[in-house]
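Novice: Turn this into a structure:
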Amino acid sequence: MSMRVVTVFGGTGFLGRRVVDHLCEHGFFARIASRHVNRSRELFGPDGPQFQSIEADIHDRASIAHAFVGAYGAVNAVSLYVERGGETFHSVHVEAARRLAARAQQDGLERLVHVSGIGADAASPSLYIRKRGEGELAVRAAFPDAVIVRPAVMFGPNDAFLTSLLALFRTLPVFPMFGRGLTRLQPVYVGDVAEAIARALEQIEKDSRTFEFGGPRVYSYEELLRAVAREAGLEARLIPMPFAAWHTLARLAEVLPNAPVTRNQIELMQVDTVASRDVPGFAELGISPRRVEDILREMLACPSGGR
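Specialist: Just a heads-up that it's a prediction; the model follows:
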């Protein structure tokens, strides 16, 4: 195969499927590694000249080895937001990430991109944030030249962020805010992050780098809610709700198959998620990130949103 093969774990997820699209646009051959190969084929169709879907499990060494045969690079876009059974933050964000990185190093892959998140910190009291930080350290130890990507909260068509906010604004008489709405956010368009990952894989120099990707504007949570409501032509009736109450609500919600809110989401909303000026970002890759308002306008004009 003449095109460079990039294996994407988590390629059917919110970010992963955009990564596949952008890899193809950049002339890579995308190998979509997923436990649910039928889901992959529903999203992308039958295997084509620039991509293929294979069944693979990030928890299984043999499965990873098969997914890496002949690969130039790999992207780990697998994430977990609610622990269930054997699927824990440690097993996914640390152990599986280490396993994938070690195999990539063993097989001589040229590039590895590991997707983490702004605020990842191995010393954090939050289990979710701590395991994200430990995962970064584990990946770097196994694959020293890995590229770490830390996006801010991502938005885009069919997301769990703006789409949920709009649905709540349309149904609730008042909107309960996280705390007093003071947390600072820098929402980033998922397509911009996917493009950045594709460009990082194209870079000639091979060195360990960390990128933080945030959108063009920093909002307080309240400012963001009002901006979303304004674009949608809705009234924003906002009331503060203590984080302690949110934690109780999330604990109850997590027993549902598709929890509307989770404790780790509450923990993330208690800390600012803003890209550091001291860490490389979009500018170093020649990307001008798109505004929340512009993407939201497109989403409202085309509710189906595509994949």
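Novice: When you work out contacts or count neighbours from here on, use the C-alpha atoms and nothing else.
Specialist: Noted.
Novice: where along the stretch 51-200 of the chain do the helices fall?
Specialist: Secondary structure of the stretch 51-200 of the chain (DSSP state H, counting those that start in this stretch): helices located at 61-67, 89-90, 97-106, 127-142, 162-171, 190-202.
Novice: got those helices as JSON lines, with mean neighbour count, mean pLDDT and distance to residue 149 columns?
Specialist: Formatted as JSON lines, these follow (neighbours: other C-alpha atoms under 10 Å; pLDDT from 0 to 100; distance: least, C-alpha to C-alpha, whole Å):
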{"stretch": "helix 61-67", "mean neighbour count": "17", "mean pLDDT": "96", "distance to residue 149": "21"}
{"stretch": "helix 89-90", "mean neighbour count": "22", "mean pLDDT": "96", "distance to residue 149": "18"}
{"stretch": "helix 97-106", "mean neighbour count": "22", "mean pLDDT": "98", "distance to residue 149": "13"}
{"stretch": "helix 127-142", "mean neighbour count": "22", "mean pLDDT": "97", "distance to residue 149": "10"}
{"stretch": "helix 162-171", "mean neighbour count": "15", "mean pLDDT": "92", "distance to residue 149": "22"}
{"stretch": "helix 190-202", "mean neighbour count": "22", "mean pLDDT": "97", "distance to residue 149": "8"}
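Novice: Could you give the separation of stretch 247-259 from the chain centroid?
Specialist: Relative to its chain's centre, stretch 247-259 lies at 21 Å (C-alpha atoms, centre = their mean, to the nearest Å).
Novice: give the contact list for the nearest residue to residue 26 once chain neighbours are set aside.
Specialist: Nearest residue to residue 26, sequence neighbours excluded (C-alpha to C-alpha, 6 or more residues apart in numbering): residue 198, at 7.0 Å. Taking C-alpha atoms under 8 Å, 6 or more residues apart in numbering, we find residue 198 in contact with 19, 22-23, 26.
Novice: hmm, which of those residues are the buried ones?
Specialist: Buried members of the contacts of residue 198, scored by 16 or more other C-alpha atoms under 10 Å, are 19, 22-23.
Novice: Residues contacting the least confident helix or strand in the chain by mean pLDDT, please?
Specialist: Taking mean pLDDT, DSSP states H and E as the measure, the chain has helix 263-269 as its least confident helix or strand, at a mean of 87. Residues from elsewhere that reach helix 263-269, judged by C-alpha under 8 Å, 6+ apart: 81-82, 126-129, 178, 183, 243, 246-247, 250-251.
Novice: Which residue of the protein lies farthest from its centroid?
Specialist: In terms of distance from the mean C-alpha position of the chain, residue 173 ranks first, at 30.9 Å (C-alpha atoms, centre = their mean).
Novice: So, low pLDDT: which residues of the stretch 201-307 of the chain?
Specialist: Low-confidence segments of the stretch 201-307 of the chain, defined by pLDDT under 70: 304-307.
Novice: show me where it has helices.
Specialist: Assigned helices in the stretch 201-307 of the chain, in chain order: 221-232, 243-253, 263-269, 292-301 (criterion: DSSP H, counting those that start in this stretch).
Novice: Tell me which of the ones you listed approaches residue 113 most closely.
Specialist: Nearest to residue 113, of all the helices of the stretch 201-307 of the chain, is helix 263-269, at 22.7 Å by C-alpha to C-alpha.
Novice: Could I get the buried residue list for the closest one?
Specialist: Under the neighbour-count criterion of 16+ other C-alpha under 10 Å, helix 263-269 has 263-264, 266-269 buried.
Novice: mind exporting that helix as PDB, just the C-alpha atoms?
Specialist: The C-alpha coordinates for helix 263-269 follow below in PDB (Å, rounded to 0.1, in the frame of the first residue of the first chain):
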ATOM      1  CA  ARG A 263     -19.500  13.200  38.400                       C
ATOM      2  CA  ASN A 264     -16.400  13.600  36.300                       C
ATOM      3  CA  GLN A 265     -18.200  16.200  34.200                       C
ATOM      4  CA  ILE A 266     -19.100  18.100  37.300                       C
ATOM      5  CA  GLU A 267     -15.400  17.900  38.500                       C
ATOM      6  CA  LEU A 268     -14.300  19.200  35.100                       C
ATOM      7  CA  MET A 269     -16.700  22.100  35.400                       C
END
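Novice: From the chain's centroid, how far away is that helix?
Specialist: Helix 263-269 sits 15 Å away from the centroid of its parent chain (C-alpha atoms, centre = their mean).
Novice: what does stretch 109-117 give?
Specialist: Mean-position distance between stretch 109-117 and its chain equals 13 Å (C-alpha atoms, centre = their mean).
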